[in-house]
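Asker: Sequence plus predicted model, see below.
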Amino acid sequence: MFDLIRSRVLQNESTPEGSSEPASWLPKKKHFRETEEWKEKRSRIITKMRCLGKLNLAFIISRMPVGVS
């Protein structure tokens with residue numbers, strides 16, 4: 001296993017800096033949390049949580065007993 005890693009490191013060191021070939025062990029596809037779709041989904045989730053929090057607060061306030069003086 002270490003020989004495989006060592007050979008890949010040596011292979012990358014032997015290529016010139018201006019080479020357009022990416023390192024072979026780097027992922028070819030972006031991780032989901034680095035994409036625009038994730039940003040949209042995250043904003044929808046946060047908006048939904050805020051809305052549910054406001055509804056919960058309104059429900060609790062509506063159920064509070066009103067004191068008669």
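Answerer: Received the coordinates, thanks. Numbers count the residues shown, from 1 in each chain.
Asker: I'd like to know how many residues surround Lys41.
Answerer: 13 (other Cβ atoms under 10 Å). In short, each C-beta sits where N, CA and C put it, glycine included.
Asker: typo on my end, Trp25
Answerer: For Trp25, using other Cβ under 10 Å, the count is 10.
Asker: and if you look at Asn56?
Answerer: 10.
Asker: cool, the one 3 residues further on as well?
Answerer: When neighbours are counted by other Cβ under 10 Å, Phe59 registers 9.
Asker: distance of it from Leu52?
Answerer: 10 Å (Cβ to Cβ, to the nearest Å).
Asker: for the protein, what's the longest helix?
Answerer: For the chain, the longest helix by residue count, based on DSSP state H, is helix 36-63.
Asker: helices or strands up against it?
Answerer: Here helix 36-63 touches no other helix or strand, going by 3 or more Cβ pairs under 8 Å, 6 or more residues apart in numbering; DSSP states H and E.
Asker: So, low pLDDT: which residues of this structure?
Answerer: Within the chain, the segments meeting pLDDT under 70 span 1-23, 27, 68-69.
Asker: now do 90
Answerer: Scanning the chain with the threshold set as pLDDT under 90 gives 1-36, 64-69.
Asker: For Met49, grab the count of nearby residues.
Answerer: Met49: 10 neighbours (other Cβ under 10 Å).
Asker: Repeat that for the one 4 residues further on.
Answerer: The local packing of Gly53 (other Cβ under 10 Å) involves 10 other residues.
Asker: can you tell me how far it sits from Ile60?
Answerer: Counting by Cβ to Cβ, the gap from Gly53 to Ile60 is 11 Å.
Asker: Lys48 now?
Answerer: As defined by Cβ to Cβ, Lys48 lies at a distance of 19 Å from Ile60.
Asker: Over to Ile45?
Answerer: Taking Cβ to Cβ, one finds Ile45 at 23 Å from Ile60.
Asker: now do Thr35
Answerer: Distance, Thr35 to Ile60, using Cβ to Cβ: 37 Å.
Asker: cool, Lys28 as well?
Answerer: 50 Å.
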